[in-house]
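Novice: how would this look folded up:
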Amino acid sequence: MQSGPGPVSMRILDVGCGLNKHPGAIGIDRNPRSNADVLCDLDRVPYPFAPESFDLIRAVHVVEHVSDVIQTMEEFHRLLKSGGRLYLATPHYTDFSSFCDPTHRWHLNSFSFRYFGEDHGGFGYYTQAKFREISVRLRLLALWRWLGFEFLVNRFPHFRRLWEYYLCFIIRGKSMEFEFEKVS
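Specialist: Next up is the predicted model:
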């Protein structure tokens, strides 16, 4: 006999889901040939959902395509429940893939989202949407990963800063994965 309410399912929004929609998520995309549940232009906000509708938003290789990164992050903030999580993946600007796709509008680094957190560098006035950075994971090209640079960049924040400022044009990045928590 089961007592109490059943398991609560997590509501997940997969933004720009394409053909590989995350299992169990509601997928949105502008392309009718995608596996989206809802078709919408990702550059037009608000998206067709009520505020605080989702526990998790996944935006995998999407943010580099939108017309306004700040507006998109504000929309993610609006859609997340208090304490909800945002998972972003995007190419690092030193990777060939950042520039070979003509639909990429933005070329980002591991500090590009600091406007939304406590370490905003004096530029926190650009937006009211606030996120706490939970993790940043950089992937480097295979040679540098095998030589241990990826470990150093991900393990030591001061080394990541040194790498971004001085070394990333030699020891090139591949992609970045961010996890943020919505701050109300």
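Novice: nearest spatial neighbour of residue 59, chain-adjacent residues omitted?
Specialist: residue 15 (4.3 Å; CB to CB, 6 or more residues apart in numbering). Where you see a C-beta, it was placed from the backbone N, CA and C, and this is true even at glycine.
Novice: please apply the same query to residue 55.
Specialist: residue 10 (4.5 Å).
Novice: helices of the protein, start to end?
Specialist: With DSSP state H, the ranges of helices along the chain come out as 69-79, 96-100, 142-146, 149-155, 157-162.
Novice: where are the low-confidence patches of this protein?
Specialist: 1-8 (pLDDT under 70).
Novice: can you tell me the centre-most residue of it?
Specialist: Centrality entry for the chain: nearest residue to the mean C-alpha point is residue 88, 1.7 Å, by CA atoms, centre = their mean.
Novice: which ones are touching that residue?
Specialist: 59, 60, 62, 63, 113, 176, 177, 178, 179, 180 (CB atoms under 8 Å, 6 or more residues apart in numbering).
Novice: as TSV, the helices of the chain with mean neighbour count and distance to residue 33 would be great.
Specialist: Shown next, in TSV, are those (neighbours: other CB atoms under 10 Å; distance: least, CB to CB, whole Å):
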stretch	mean neighbour count	distance to residue 33
helix 69-79	20	22
helix 96-100	13	22
helix 142-146	13	32
helix 149-155	17	35
helix 157-162	13	38
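Novice: nearest to residue 119, out of those helices?
Specialist: Evaluated over these, closeness to residue 119 peaks at helix 157-162, with 10.5 Å, by CB to CB.
Novice: which neighbouring elements make contact with that closest one?
Specialist: Applying 3 or more CB pairs under 8 Å, 6 or more residues apart in numbering; DSSP states H and E, we find helix 157-162 packed against helix 149-155.
Novice: where along this structure do the strands fall?
Specialist: For the chain, applying DSSP state E gives strands covering 12-15, 26-29, 38-39, 54-60, 80-91, 130-140, 173-183.
Novice: which of those strands sits most buried?
Specialist: Highest mean neighbour count among the strands of the chain (mean count of other CB atoms under 10 Å): strand 12-15, with a mean of 24.
Novice: okay, now the sheet partners of that one, with direction.
Specialist: strand 26-29 (parallel), strand 54-60 (parallel) (DSSP bridges).
Novice: may I see those strands organised as a markdown table, with distance to residue 137 added?
Specialist: Below are these laid out as a markdown table (distance: least, CB to CB, whole Å):
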| stretch | distance to residue 137 |
| --- | --- |
| strand 26-29 | 23 |
| strand 54-60 | 13 |
